[in-house]
Structures are given as structure tokens and as C-alpha cells.
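[1] following is a predicted model, sequence given first.
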Amino acid sequence: MNPTILIVDDEKHTREGLRGSLEDSFEVYVAADTAGALNVLEADHVDLVLTDLRLGGEDGMKLIDRILAMPHPPIVIMMTAYGSVDAAVEAMKRGAYDFVTKPINIDQLEILITRALRSRKAEEEVVELKKVVEKRFGLERIIGHSAAMQEVFDTIRQVAPTRATVLIQGESGTGKELVAQAIHALSGRPKPKFVAVHCAALSPQLLESELFGHEKGAFTGAIERRIGRFEQASGGTIFLDEIGEIDSTTQVKLLRVLGEERAFERVGGNNPIKVDVRLVAATNKDLAKLVSEGKFRDDLFFRLSVVPITLPPLRSRREDIPMLVGAFLKTFSEENNRPVAELTSDAMQAIIRYDWPGNVRELRTAIEHGVVMATGPKITLRDLPLPVRQNSSQTVSQPRAVVTQEKRLDLHTHEHHLIQQALVETDGNVTLAAQRLGISRRTLHRRLKELKQAPADEHRQ
């Protein structure tokens with residue numbers, strides 16, 4: 001069966017002309033306005049929507065929002081005769097795959113549609129393969145398809161079967177313990193043998209006893225021998241969270257456990273105890289800085305960071321937010337017996353625009369809050385926590401374009417200037433430039449490649 005396309009344009013001759021040009025290769029639906037488009041989308045499966053920026057008295061951007069808020073949205077390509085930077089940036093910022101300018105070159109449009117559909121098919125195949133692989137290899141609880149998270153997944157798969165010590169770094173709420181659990185699940189070590197210790201929750205004396213155990217009478221209150229976490233984890237994995245909080249005495253003991261001897265003594269004991277244990281540590285602090293300040297041993301730092309994994313903050317991988325939202329919606333709607341299946345477009349936009357200082361943990365809490373507070377089948381803006389709602393009312397500054405001519409430039413020239421300006425302002429950092437433009441890093445790479453291949457006179461002022 002041919003892919004299905006929905007053409008939305010208030011001009012009949014444009015709709016019918018595009019239908020006639022595309023119907024040999026695609027199954028084509030047409031609509032004259034937002035209401036008609038939504039009727040088609042509710043009644044039939046649509047792979048791609050080609051919509052005009054202006055739909056009579058309606059704004060095509062609002063239709064894009066409605067489409068992308070759907071549980072399984074089709075690809076969106078915007079048509080416009082209004083070749084402005086604002087329209088191009090806003091469409092891609094809201095999630096459009098690409099845009100075309102009128103009058104439309106049918107051959108180029110077909111190439112663009114074919115490329116978009118192939119890209120979506122490849123993404124769907126990757127998602128399905130990822131589901132199968134991650135159910136088998138212990139990554140099913142870590143959600144993300146961004147380039148940054150794919151690097152994390154690759155590192156986990158590479159390091160897990162080894163005995164190498166891993167240091168997981170990242171802000172609070174980014175999922176460091178989930179990564180540690182995935183490493184253990186993929187390691188082949190016995191599943192019950194994953195022992196987690198949160199170092200910041202214990203005093204130095206209690207932490208030393210918790211990790212290494214103690215002999216009877218080692219200190220006041222030590223009325224019997226205690227087996228420490230390292231002994232409990234022998235043959236498996238021990239996860240030390242907030243490793244940057246441990247004191248100098250515990251650091252020395254850890255160094256010995258990580259050395260060739262792989263041994264330690266219980267508190268108050270003299271007999272070395274050897275263990276076969278895989279150590280994974282995590283911190284939200286800059287350990288290298290603590291080393292330079294003399295607060296953390298450099299030799300221990302090097303032993304811990306044989307393989308470092310840095311988890312990106314949620315604000316730097318916004319393209320993962322819809323996938324996370326979907327997973328949390330399913331979880332909390334089932335837990336609370338609430339038939340909440342999606343977010344309204346303004347609620348989703350607020351979620352995507354918010355910076356999430358608490359990262360994935362904060363997003364999870366916000367969605368649970370929304371499910372509990374929702375009075376209908378959708379989470380609305382008013383159902384979200386106050387910080388998210390307040391942020392939605394703030395004006396988001398648009399990237400500035402360097403345009404020195406008074407005459408109107410075509411859309412490709414505007415886009416070229418906009419991308420160049422973003423790269424200049426971020427010292428050539430593609431990731432930061434993509435964030436400033438409000439698009440994914442992959443999209444920016446694609447646009448850069450296309451601009452580089454375009455004839456030079458397309459970008460001349």
C-alpha cells in the first residue's frame with residue numbers, strides 16, 4: 001500500500017494540483033482547513049501532512065501543534081509563500097520535518113516527501129529493534145532516542161560485559177542509578193547481586209561500617225559482627241551513589257579494594273577479605289575539581305573513572321521529552337486508574353519549553369501531578385505544576401539573524417544566515433547551536449549538509 005499524505009490548503013486549485021501531481025505515488029487526502037484536516041486524521045491513518053502556513057483566517061502553526069500533540073503524529077511539512085526566518089524557525093521548532101516555499105517545485109517536493117518517509121521508517125525500525133534489544137539487555141527503563149542518549153547506550157553495551165570500573169556523572173535526576181542497573185543487567189553477573197549504597201546519607205563512620213562491615217566490639221554499639229555491602233555484593237555489582245561525599249579514610253579503603261589485591265578489612269578487624277565485585281560509582285559533582293582542591297584523592301579518581309559515562313541534562317535533549325511523557329503517562333494513568341492518554345498542545349509546549357532543573361525525575365513528578373489533577377482525557381496547562389505553568393507565559397527570545405540588506409531575501413538565504421549566526425555565537429558548537437535554533441542536533445547537521453551542497457549563489461546577498 002502506498003504511503004498516505006494529507007494536503008491542507010485553503011486554495012482549491014493548489015490542493016487539487018498537488019493531489020493530481022502526487023496521487024500516482026501516494027494515497028492523497030485533501031482538506032481546506034484545520035477542522036477538515038483533523039477529521040481526516042481522526043478517521044484514517046496518515047503518514048505525512050503537507051500544510052499551508054495560512055489557512056484562510058487560521059494559523060497553520062496551530063494545526064502543527066495539534067498534529068504533533070497526537071500520540072503517534074504523522075510527519076509534518078509546511079508550505080509557505082511567506083519566506084521569513086520567523087516562520088521557518090518556528091515551524092521546525094514546533095517539530096515540522098521541513099518546509100517548502102511557493103510556488104512549489106513538484107520534483108523537489110517528491111524527493112523531500114520520499115526522504116521524510118524513509119527517515120520515519122528507519123526511526124520506527126530502530127525503535128522496534130531497540131525495544132527487542134533492550135528487553136533482552138536491560139535498557140528498557142532508560143528512555144531516549146537523542147544522539148546523546150544513543151552514545152550512552154553504546155557505552156553501556158560496550159563496558160557492561162567487562163570488569164572495568166565505571167564512573168557515572170550527571171546532574172541530579174538524570175537517571176544515574178538506572179544506568180548502573182543496566183550495566184549490571186548486561187554484565188552477566190547474578191541479578192540479585194546488585195547492591196546500592198547512597199554515600200551522602202551516612203556519616204563517615206557509619207558509611208565505612210556499611211561498606212566494609214565491622215567486627216564485634218569495633219565501636220560502641222557494635223554488639224555483633226556485621227557483613228558489609230562489599231561482601232554482600234561479591235560476585236555481583238556494588239553501586240556507590242554520591243561518591244564525591246566520602247571522607248579521606250573511606251577513600252583509602254576504596255583504593256585498596258580497587259587495586260590488585262581486591263581486599264579490605266572490616267572495621268576493627270585485621271584479616272584481609274578478598275572479594276570479586278564490580279564497582280560502579282556516580283556523582284553529580286565535578287570530581288576533577290575536587291581533586292584539584294585537595295578534597296578527593298587523584299589516584300582514587302583515576303581508578304574510579306576507567307570508563308566515564310556522562311548523562312546529559314534533560315534540557316539538552318528536549319527531543320526525548322515526548323517519548324518520556326508518553327511512558328510516564330502510561331504508567332501513572334494505569335497506577336491511578338485515570339483514562340489520561342495525552343496532553344493538550346499548549347501543555348506539551350510548556351513541557352518542552354521548561355528547563356527541568358530536576359531533570360527526568362522532575363518531569364516524572366510533573367506528569368504524575370498532571371494525571372492526578374486532570375479532569376478529562378487530556379492534561380491541560382492548568383493541570384501542570386506551577387513552575388511549568390509560569391514558565392509557559394514567559395516570552396522566548398528568538399535567535400537573531402544577520403540581515404544587512406533592505407531588500408527581501410529568500411528563505412534559504414535567511415536560513416543560511418541564521419545558522420551561521422548561531423554557530424558564531426556558540427563558537428562552532430553544533431549541539432549548542434541546535435539548542436539556540438530550537439531544533440535537534442541531527443536536523444541541524446542535515447541542514448548544514450544541504451546548505452553546503454547547494455549552489456554558492458543561493459546564499460549570496
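    Great, that's in hand.
[2] could you chop the chain up by domain?
    4-123, 147-311, 315-392, 411-459 (automatic domain parsing).
[3] mind checking the SS state of E177?
    helix (DSSP: H, G, I helix; E, B strand; the rest coil).
[4] and it, what's its pLDDT?
    Here the pLDDT value assigned to E177 is 94.
[5] likewise M61?
    M61 is assigned a predicted lDDT (pLDDT) of 84.
[6] report the next helix or strand after the helix or strand containing it in sequence order.
    Per DSSP states H and E: M61 is located in helix 60-68. On the C-terminal side of helix 60-68, the nearest following helix or strand under DSSP H and E is strand 75-80.
[7] direction included, what does that next one pair against?
    Strand pairing for strand 75-80, determined by DSSP bridges: strand 48-52 (parallel), strand 98-101 (parallel).
[8] single out the most deeply packed of these.
    strand 48-52 (a mean of 24; mean count of other C-beta atoms under 10 Å). (C-beta placed from N, C-alpha, C; glycine too.)
[9] okay, and the helix or strand of the protein with the least pLDDT?
    helix 411-425 (a mean of 62; mean pLDDT, DSSP states H and E).
[10] which of the domains of the chain has the lowest average pLDDT?
    domain 411-459 (a mean of 63).
[11] output the contacting helices and strands for the helix holding M61.
    Other elements packing on helix 60-68 under the criterion 3 or more C-beta pairs under 8 Å, 6 or more residues apart in numbering; DSSP states H and E are helix 34-43, strand 48-52, strand 75-80, helix 85-93, helix 345-353.
[12] helices or strands up against the first one?
    Secondary structure elements in contact with helix 34-43, counted by 3+ C-beta pairs under 8 Å, 6+ apart, are strand 4-8, strand 27-31, strand 48-52, helix 60-68.
[13] any idea how far that helix is from the chain center?
    Offset of helix 34-43 from its chain centre (C-alpha atoms, centre = their mean, to the nearest Å): 30 Å.
[14] quick check: buried residues in that helix?
    Within helix 34-43, the residues that count as buried by 16 or more other C-beta atoms under 10 Å are 34, 36-38, 40-41.
[15] distance to H198 for the helices and strands packed on helix 60-68 - can I get that in JSON lines?
    As requested, the helices and strands packed on helix 60-68 are exported to JSON lines (distance: least, C-beta to C-beta, whole Å):
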{"stretch": "helix 34-43", "distance to H198": "47"}
{"stretch": "strand 48-52", "distance to H198": "48"}
{"stretch": "strand 75-80", "distance to H198": "44"}
{"stretch": "helix 85-93", "distance to H198": "39"}
{"stretch": "helix 345-353", "distance to H198": "29"}
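[16] of the ones you listed, which is nearest T101?
    With C-beta to C-beta as the criterion, T101 lies closest to strand 75-80 of the helices and strands packed on helix 60-68, at 6.2 Å.
[17] what comes into contact with the helix or strand where I156 lies?
    In this assignment (DSSP H and E), I156 forms part of helix 147-159. Applying C-beta atoms under 8 Å, 6 or more residues apart in numbering, the external contacts of helix 147-159 come out as 137, 139, 142, 144, 166, 179, 182-183, 186, 307, 309, 311-312, 316-317, 320, 431, 441-442.
[18] what's the answer for stretch 200-218, then?
    For stretch 200-218, using C-beta under 8 Å, 6+ apart, the contacting residues are 197, 199, 219, 222-231, 240-242, 245-247, 249-250, 253-254, 264-269.
[19] go on, stretch 6-15?
    Contacts for stretch 6-15 (C-beta under 8 Å, 6+ apart): 18-19, 22, 28-34, 36-37, 40-41, 46, 48-52, 54-56, 60, 63, 74, 79.
[20] end to end, how far does that stretch reach?
    10 Å (C-alpha to C-alpha, to the nearest Å).
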